[in-house]
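[1] quick one, what's the 3D model for this:
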Amino acid sequence: MVAPLLFLVAGALASPAHSDTPGSAQAKNKTIDGAKIYKQICAACHMANAMGSGAGAIPALARDRNLANPVYPIGILITGKGAMPPMSDMLSPAQMAAVLTYVRTNFGNDYRQPVTELDVKRLAGPKKIME
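    As a prediction, the model looks like this:
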């Protein structure tokens with residue numbers, strides 16, 4: 001009786017349908033929330049109001065003209081700049097696109113063209129970033 005029960009438990013734990021890892025079916029079906037990513041990662045340095053901090057050491061993202069062309073912020077997220085590490089080690093292309101779209105449409109920014117996962121992948125080029 002114990003052996004069949006262990007087999008069922010082991011099978012249930014090994015089932016990919018119960019996992020929620022990057023790339024799993026459950027993860028792919030979830031809508032990526034750019035606001036949540038901003039609050040969890042970006043706001044620590046750029047502040048909740050996107051005004052930055054530290055005499056220009058951490059730039060403001062609010063009313064930022066550099067965000068008008070999505071190529072610039074995509075490049076910053078992929079490679080990092082100054083005190084900011086590359087986010088391509090932490091965020092997938094879809095997550096980067098979501099957070100950039102959020103920042104570009106909030107904090108006094110009105111850049112309505114969404115950044116797409118394809119935009120991020122295209123600019124990353126052959127450099128390997130999280131999938």
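
[2] residues near Gly80, how many?
    Neighbours of Gly80 under the rule other Cβ atoms under 10 Å: 14. Quick note: C-beta positions are derived from backbone N, CA and C, even for glycine.

[3] any idea how far the nearest residue to it once chain neighbours are set aside is from Thr79?
    Residue nearest to Gly80 in three dimensions, not counting chain neighbours: Pro86, with 4.0 Å by Cβ to Cβ, 6 or more residues apart in numbering. Going from Pro86 to Thr79 by Cβ to Cβ, to the nearest Å gives 5 Å.

[4] the host helix or strand of Met96 - contacts with which helices or strands?
    Element membership of Met96 [criterion: DSSP states H and E] is helix 93-104. For helix 93-104, the elements it packs on are helix 34-37, helix 71-79, helix 117-124, judged by 3 or more Cβ pairs under 8 Å, 6 or more residues apart in numbering; DSSP states H and E.

[5] so what's the most centrally placed residue in the chain up against?
    In the chain, the residue lying closest to the centroid (Cα atoms, centre = their mean) is Gln95, at 2.9 Å. Contacts for Gln95 were tallied using Cβ atoms under 8 Å, 6 or more residues apart in numbering; they are Ile32, Ile37.

[6] again with Pro114
    Ala97, Thr101.

[7] so it, which of the three states?
    Secondary structure, DSSP: H, G, I helix; E, B strand; the rest coil: Pro114 is coil.

[8] measure it to Met47 for me?
    24 Å.

[9] now swap in Lys121 and tell me
    Counting by Cβ to Cβ, the separation of Lys121 from Met47 is 29 Å.

[10] thanks a lot, see you next time.
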